[in-house]
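here are the coordinates; sequence isn't available:
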Ligand SMILES: Nc1ncnc2c1ncn2[C@@H]1O[C@H](COP(=O)(O)OP(=O)(O)OP(=O)(O)O)[C@@H](O)[C@H]1O
């Protein structure tokens, strides 16, 4: 291997998609970048420049060929590409909008293991050199061009031996562009830094040591700019490029690429081999060689150059000590945690939302579900004469539960139910009191007419089972009260012999328990789990879409480090969330808590971690937020419905029960119920199993996410 070779690309092929949708983007590309050189990769939009750069960075797998960067293939063990050996400026801005310039550079400085003093010095220099406003300015308040310059700063910050810059001069005014080129020329002077950049401004690439002209995935030519101009007898690189394009593709620009590839390769071989000349330092140390002069001659801001040149000596003093060893995971995790915490800090409303959202959801649940009915309208037609016992019975009905509405005749009362103005009609015959007394005096000899006349006739709308069951319960319990208070006190026995079943004191629970208490443990589990799913998946997809994750990964961060950092930074959010949730459940809504609160907390915390792990899996599978939301929603209902949270597992078909038991909420919810309602501890199998199940799910989901990320090469 040529020791002078910084980057070698040999017969590299890359395509996107497959079958009919296959798009060949790189077709047997060969290129060599010499150490200490600036290599300008030129070509029209869509010709594959970014794709090639991402392959060089190890961020995109390629189909065939060999790539070496700084002597090794990217991603080889212990290699710093991706990592500290490379500085990357992507095409998109890829900056945290909520950070200041200083914070942005500190984050990337930490990833590159720089001391904060060094970061501060480099920040001062770069902010000054690139004419950026103060380093305390928020990125979101910068103009498009200023943001791109901050992005450029990030790539230059740690003075890596390899700089890969995707269109660094887009959105930059000509003066600054010239100054940037001047700086790039300076930093390659030592021979330690190599730069590959793409640009649409073909003419500015005259300042490069070597240019590669790309079109339709092939390299049409690779030569020093001066030689290209000479060989093609053209005045401008643009003219050379046009000439090459028309030579190669006379009729159809979308024509046969294989043919192009062969002819291009042929021409490359037949081209005069030109010695690659490193930029020469002139007597004044300006570092401007003859070929570059035309570009720099347009420079009307001499201060910019002299300023950057004076920095040349200072940069040697503040030279970053980049390390060639692999990224330190702990260092990366630390940097990522600080970044995550800062992001949270910068978005306090979102943080507060995260803290209180589970509690608010629990409030809605406790307020809306499981309570007693109130003011249920019930029509009454009382034709009892004299209305003694009927009135007494009606008085026994709870007025807070049932709102009695009197009607004159049966038809009116019945219509009220038909028109959904009442949930039931209570009808008393004219002989209700007399017949009930007759029946009470002699229950064994009561005729069916007497029984019918002495009964309350109830006509119900039972389309709402919850209302009809509660109403039935209330009417029956009112009759019990009425019988005890009125009939027995009058010395009558209505005839109902006591059923020979005696309910002793319950083993677990008491009669004050409500449906809310049964559901609350499941709600606590699911709310915590799915809040974490949503926040984790969306946060990662957004970071990935904005190129932020990619940028961190080029700096050497691995997906596992991202996961660990996210879990650490979100841990404190979870702790606050769960504390508030339990305060609301136990303190405000008086959900019984007979067992250890620590165990309840632990189980809920594990649910949150499980949710994060599921969020990771979703974000590793989905590229878009909407698909992540769809998967989350699609899994929410099965989880809630199948986990025995709303309705007992015992009511499910037995086959479904097996699926249900395997879900991450079923056994943990049972365990939570055991702790809260029965006072169970770890000595009970269900509680231990609940912890093991959710822990197992968390580890399994994390591993699965790591595998998916690896397969998808994200
Ligand atoms: N992830 C992808 N899936 C499918 N096609 C893609 C993907 N990324 C890029 N392409 C396609 O590959 C081709 C090359 O894209 P690339 O971004 O490498 O071009 P480029 O030369 O960098 O263009 P520009 O100068 O506009 O940035 C384009 O046709 C693009 O649409």
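Happy to help now that I have it. Keep in mind the model is a prediction, meaning the values are calculated, not measured. Residues are numbered from 1 along each chain as shown.

for whatever residue of the stretch 601-714 of the chain ends up closest to the ligand, phi and psi?
At 9.2 Å from the ligand, residue 623 is the closest residue in the stretch 601-714 of the chain, using C-beta to the nearest ligand atom. Backbone N, C-alpha and C define where each C-beta goes, glycine included. In terms of degrees, to the nearest 10, the main-chain angles of residue 623 are phi -100, psi -20.

ok, now which ones touch it?
By C-beta atoms under 8 Å, 6 or more residues apart in numbering, residue 623 lies in contact with 541, 544, 545.

pLDDT score for the nearest residue to residue 89 once chain neighbours are set aside?
Closest residue to residue 89 apart from its sequence neighbours, by C-beta to C-beta, 6 or more residues apart in numbering: residue 155 at 4.0 Å. Each residue has a pLDDT score; the one for residue 155 is 95.

could you do residue 503 as well?
The predicted local confidence for residue 503 comes out at a pLDDT of 77.

point out where this protein drops to low pLDDT.
Applying pLDDT under 70 to the chain picks out residues 1-3, 248-327, 492-499.

what does it put close to the ligand?
Selection of the chain residues close to the ligand by C-beta under 6 Å from any ligand atom yields 16-17, 23, 25, 43, 45-51, 91.

can you name the residue of the stretch 51-200 of the chain nearest the ligand?
The stretch 51-200 of the chain approaches the ligand most closely through residue 51 (3.4 Å), counting by C-beta to the nearest ligand atom.

what's the offset of the helix or strand encompassing that residue from the middle of its chain?
Here residue 51, judged by DSSP states H and E, is contained in helix 49-56. Put simply, helix 49-56 sits 26 Å off its chain's centre (C-alpha atoms, centre = their mean, to the nearest Å).

returning to what we had before: show residues contacting the helix or strand harbouring the residue nearest to residue 89.
Taking DSSP H and E as the definition, one finds residue 155 inside helix 144-156. Applying C-beta under 8 Å, 6+ apart, the contact partners of helix 144-156 are 87-90, 93-95, 101, 104-105, 108, 122-123, 126-127, 130-133, 139, 142, 163-165, 168, 170-173, 176, 180, 183, 187, 551.

past that helix, which element shows up next along the chain?
Once the chain leaves helix 144-156, the next helix or strand it forms, by DSSP H and E, is strand 162-166.

pairing partners for that following strand, with directions?
Take DSSP bridges as the rule and strand 162-166 pairs in its sheet with strand 86-89 (parallel), strand 194-199 (parallel).

what segments of the stretch 451-600 of the chain are helices?
Taking DSSP state H, counting those that start in this stretch as the criterion, the stretch 451-600 of the chain contains helices spanning 465-482, 515-545, 548-554, 559-582, 597-621.

want to try TSV for these, with mean neighbour count as columns?
Shown next, in TSV, are these (neighbours: other C-beta atoms under 10 Å):
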stretch	mean neighbour count
helix 465-482	15
helix 515-545	22
helix 548-554	23
helix 559-582	19
helix 597-621	23
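
quick one: the helices in the stretch 601-714 of the chain, in order.
Under DSSP H, counting those that start in this stretch, the stretch 601-714 of the chain gives helices at 625-642, 654-662, 666-673, 685-712.

please identify the most buried of the ones you listed.
Comparing the helices of the stretch 601-714 of the chain by mean neighbour count (mean count of other C-beta atoms under 10 Å), helix 666-673 ranks first with a mean of 26.

off-centre distance for it?
Helix 666-673 sits 27 Å away from the centroid of its parent chain (C-alpha atoms, centre = their mean).

what's the nearest residue to residue 397 once chain neighbours are set aside in contact with, if anything?
Computed as C-beta to C-beta, 6+ apart, the closest residue to residue 397 that is not its neighbour in sequence is residue 478, at 4.3 Å. Contacts for residue 478 (C-beta under 8 Å, 6+ apart) come out as 393, 396, 397, 398.

show me the domain layout of the protein.
According to automatic domain parsing, the chain comprises the domains 5-327, 376-487, 515-712.

inside helices: which ones of the contacts of helix 144-156?
Assigned to helices by DSSP state H, the following of those qualify: 101, 104-105, 108, 122-123, 126-127, 176, 180, 183, 187, 551.

so which of the residues you listed is the most crowded?
Ranked by neighbour count under the definition other C-beta atoms under 10 Å, the ones in helices among the contacts of helix 144-156 are headed by residue 101 with 27 neighbours.

could you list every residue that touches the residue nearest to that residue when sequence neighbours are not counted?
Counting by C-beta to C-beta, 6+ apart, residue 135 is the residue found nearest to residue 101 once chain neighbours are left out, at 4.4 Å. Residues near residue 135 by C-beta under 8 Å, 6+ apart: 100, 101, 102, 105, 123, 124, 127.

pretty sure residue 135 belongs to a helix, no?
No. Counting by DSSP: H, G, I helix; E, B strand; the rest coil, residue 135 is located in no helix; its state is coil.

surely residue 405 forms part of a strand?
Yes. With three-state DSSP as the criterion, residue 405 is part of a strand.

picking up where we left off before, quick one: which of the contacts of residue 478 sit in helices?
Those of the contacts of residue 478 lying in helices (DSSP H): 393, 396.

of the contacts of residue 478, select the buried ones using a ChimeraX command.
This is how ChimeraX selects the buried members of the contacts of residue 478, with burial counted by 16 or more other C-beta atoms under 10 Å:
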select :393,396,397
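
got the contacts of residue 478 as JSON lines, with distance to residue 458 columns?
Converted to JSON lines, the contacts of residue 478 look like this (distance: C-beta to C-beta, whole Å):
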{"residue": "393", "distance to residue 458": "12"}
{"residue": "396", "distance to residue 458": "15"}
{"residue": "397", "distance to residue 458": "12"}
{"residue": "398", "distance to residue 458": "16"}
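
of the contacts of residue 478, closest to the ligand?
residue 398 (66.1 Å).

which residues sit in contact with residue 370?
Residue 370 touches 514, 515, 516, 517, 518, 519, counting by C-beta under 8 Å, 6+ apart.

next one: residue 576
By C-beta under 8 Å, 6+ apart, residue 576 lies in contact with residue 355.

please report how far it lies from the ligand.
As for residue 576, its distance to the ligand is 39 Å (criterion: C-beta to the nearest ligand atom, to the nearest Å).

please apply the same query to residue 329.
28 Å.

that residue: neighbour count?
Residues contacting residue 329 under the criterion other C-beta under 10 Å number 14.

just checking, it touches residue 559?
No. Using C-beta atoms under 8 Å as the test, residue 329 is too far from residue 559 to be in contact (11.8 Å).

wait, isn't residue 198 in contact with residue 167?
Yes. With contact defined as C-beta under 8 Å, residue 198 counts as touching residue 167 (5.5 Å).

what does residue 589 show for phi and psi?
Dihedral angles of residue 589 (phi, psi; degrees, to the nearest 10) stand at phi -100, psi 10.

quick one on the thing from earlier: among the domains of the chain, which comes closest to residue 348?
Nearest to residue 348 among the domains of the chain is domain 5-327 (10.8 Å), distances taken as C-beta to C-beta.

so which of the contacts of residue 370 comes closest to the ligand?
Taking the contacts of residue 370 together and measuring to the ligand by C-beta to the nearest ligand atom, the closest member is residue 519, at 45.3 Å.

identify the residues contacting that closest one.
365, 369, 370, 645, 646.

the first one against residue 523, yeah?
What that stands for is residue 365. Yes. Counting by C-beta under 8 Å, residue 523 is a contact partner of residue 365 at 5.0 Å.

count the residues that sit near residue 512.
Using other C-beta under 10 Å, the number of residues around residue 512 comes to 8.

err, residue 408, not the other one
By other C-beta under 10 Å, neighbour count at residue 408 equals 10.

could you do the one 4 residues further on as well?
The tally of other residues near residue 412 (other C-beta under 10 Å) stands at 13.

how about residue 189?
By other C-beta under 10 Å, neighbour count at residue 189 equals 16.

equivalent analysis for residue 78, please.
Neighbour number of residue 78 under other C-beta under 10 Å is 9.

hmm, back to that, quick one, which of the domains of the chain is nearest to residue 359?
Among the domains of the chain, the nearest to residue 359 by C-beta to C-beta is domain 515-712 (4.5 Å).

what's the span of the closest one from first residue to last?
Criterion C-alpha to C-alpha, to the nearest Å; first-to-last residue distance in domain 515-712 is 46 Å.
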